[in-house]
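A.B. asks: Got a sequence here, can you model it:
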Amino acid sequence: MSATVIISCILGYFGILLLIAWITSRNGNADSYFLGNKASPWYAVAFGMIGDSLSGVTYISVPGAVGTAKFSYLQLVLGYFVGYFIISKVLLPLYYRLNLVSIYSYLQSRFGRVTQKTGAFYFILSRVLGAAGRLFLAAGVIQFFVFDQIEGFHVPFALSVSVIIALMLLYTYKGGIKTLVWTDTFQSLFLVLGVILSIVAIIQHTGWSFSDAVGKVIHSEYSTTFFFDWKLASFFPKQFLGGIFIAVAMTGLDQNMMQKNLSCKSLEEAQKNIFWFSIVMVIVNIFFLSLGALLYHYYQSATIALPINSETGKIISDKVFPNLALNHLGWFAGLVFIIGLTAATFSSADSVLTTLTTSAYVDMLELDKNDKLNESQKSKYRTIIHISFAVLLWLVILLFDALNNSAIIDTILKLAGYTYGPLLGLFVFGLFTKYAIKDALVPIVCFIAPGIAYILSTYSKQWFNGYEIGNELIIINGLLTFIGLLVIKSKVKNTVNEI
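C.D. replies: Numbering: from 1, shown residues only. Now for the predicted structure:
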């Protein structure tokens, strides 16, 4: 497939995003940037959150991992469903009652300014590392399969990443959440279409009927879903409980995921949004996993060699989907894959710029409380912060590229998950106890807890008779933070804003 055609389609795709941004950002102000004027339709927010939850890495990795992990990922997704219910009934009512712009403002009212800034710091750290890592991996796929294939013309990775981030800036810097609600809805549509049309392409190339394809997925070895070996990371209770707490922490306690929810017209509409989003998420992930099973069936039936790491002899799972889509299924499948990857990558990355700006503006710099600044000055500061985070993402991506070690990237992405444990512990302590804490000591607790969790995770198999810590790590991390907060609680009880 011609790289020129792919690039033209990507540019056309961004052209539509820019048009949406132009329409939605006219007459924009602080209220539209941060909360979309509290007028976002719940159905648009619900559908747009799909793209926020499924990054470009997920788009590639979930189908590819089916070869070894089977459908075990669905155990985690079922836990997500329960976690979203908790968000709807516990966290959203609190956020709406307090009329929050940044959810970490709750930590200030409950514990103090240091705690608020600690929570915001962990959010900013995790989102910068996570967004940069995901953009790096997805941009690497586009670089390898598109830009590196243009004969006689070398496109440096730094240049392609610069263009990608510049395009994101163009359609996010002014409109904020009001724009992102609609651009993410558009991108989620293409993400879902990318998965569905990839399945259609495989069915067409094999000559299977739809019922044949469904039968192959259901009756294949790949569709094994539930695992009950307690030592493994895929053990069902660990995956399910881990999914619950991951959803609560990484969605309900994450400014990036909550800010669009807070832009709905009312609490009832926000809860409706979360309910339907949780259902659609389960369905979409079933499509992802089914695509993975069909990918491996196609490799076998067409006797195509799987991408193998020459050093380890293991399957490179992240190349299973792109290799087949771009090299063996024809131009249509290749185009669908690229557009789907683009949608998955940018829908999870573009909103990060806005929510990082919100947290820095509200939590760190407290510019929203500065009465000396007029609207024009505040808008200027928002733009500067927004652009600064874009530059920071660019620098971190180039650092990843300079390291040129995928193991380091995987480690950084995993470490980003550790930052949600302290947030989980802080919010649970605030919601379910009446104790005040020594505000100044909170950063120490939130530093020690992930460190202990990391040690436990690293040596768990050695210390606990082969037991492997998996997605329950966030529970352990949150529990350690909670215990640390009990140690630094003050004698005076605080009843501000608890449930």
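
A.B. asks: which residues in the stretch 201-350 of the chain form helices?
C.D. replies: 210-219, 236-247, 255-258, 267-301, 317-327, 330-359 (DSSP state H, counting those that start in this stretch).

A.B. asks: and the angle from the first one to helix 267-301?
C.D. replies: When axes from the mean of the first three to the mean of the last three CA atoms, to 10 degrees is applied, the directions of helix 210-219 and helix 267-301 differ by 90 degrees.

A.B. asks: Kindly report the same for the second one.
C.D. replies: When the same axes, to 10 degrees is applied, the directions of helix 236-247 and helix 267-301 differ by 130 degrees.

A.B. asks: can you list contacts of helix 236-247?
C.D. replies: For helix 236-247, the external contacting residues (CB atoms under 8 Å, 6 or more residues apart in numbering) are 72, 75-84, 86-87, 226-228, 233, 420, 424, 470-475, 478. For every residue, glycine as well, the C-beta is placed using N, CA and C.

A.B. asks: and the residues you listed, which are buried?
C.D. replies: With neighbours counted by 16 or more other CB atoms under 10 Å, those contain buried members at 72, 75-84, 86-87, 227, 233, 420, 424, 470-475, 478.

A.B. asks: So which of the residues you listed are in helices?
C.D. replies: For the buried ones among the contacts of helix 236-247, the ones inside helices are 75-84, 86, 420, 424, 473-475, 478, with DSSP state H as the criterion.

A.B. asks: follow-up on the earlier one: would you list the helices of the stretch 201-350 of the chain in TSV and tack on distance to residue 456?
C.D. replies: Conversion of the helices of the stretch 201-350 of the chain to TSV gives the following (distance: least, CB to CB, whole Å):
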stretch	distance to residue 456
helix 210-219	37
helix 236-247	14
helix 255-258	27
helix 267-301	29
helix 317-327	27
helix 330-359	29
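
A.B. asks: right, so those: which one is the most enclosed?
C.D. replies: Per residue and on average, the most neighbours among these fall to helix 330-359, with a mean of 24 (mean count of other CB atoms under 10 Å).

A.B. asks: Could you tell me the angle between it and helix 317-327?
C.D. replies: Helix 330-359 and helix 317-327 meet at an angle of 130 degrees, taking the same axes, to 10 degrees as the criterion.

A.B. asks: quick one: average confidence on helix 330-359?
C.D. replies: Taken as a whole, helix 330-359 has a mean pLDDT of 82.

A.B. asks: Could you look up the next helix or strand downstream of that helix?
C.D. replies: helix 375-403 (DSSP states H and E).

A.B. asks: ok and that following helix relative to helix 330-359, angle-wise?
C.D. replies: Angle, helix 375-403 to helix 330-359, by the same axes, to 10 degrees: 130 degrees.

A.B. asks: Sketch out the low-pLDDT regions of the stretch 301-450 of the chain for me.
C.D. replies: Under the criterion pLDDT under 70, the flagged ranges of the stretch 301-450 of the chain are 348, 404-414, 416-417.

A.B. asks: again, only this time at 90
C.D. replies: Applying pLDDT under 90 to the stretch 301-450 of the chain flags residues 301-355, 366-383, 397-420.

A.B. asks: re the thing from before, mind checking which of the helices of the stretch 201-350 of the chain is nearest residue 5?
C.D. replies: Evaluated over the helices of the stretch 201-350 of the chain, closeness to residue 5 peaks at helix 330-359, with 7.4 Å, by CB to CB.

A.B. asks: separation between residue 361 and residue 130?
C.D. replies: Counting by CB to CB, to the nearest Å, the separation of residue 361 from residue 130 is 20 Å.

A.B. asks: quick one, what contacts residue 264?
C.D. replies: Contacts were defined as CB under 8 Å, 6+ apart; by that measure residue 264 touches 38, 40-42, 45, 270, 273.

A.B. asks: Kindly report the same for residue 421.
C.D. replies: Contacts of residue 421 were listed using CB under 8 Å, 6+ apart, and they are 249, 449-450, 453, 473-474, 476-478, 480-481.

A.B. asks: try residue 425
C.D. replies: Contact criterion CB under 8 Å, 6+ apart gives 446, 449, 477-482, 484-485 as the residues in contact with residue 425.
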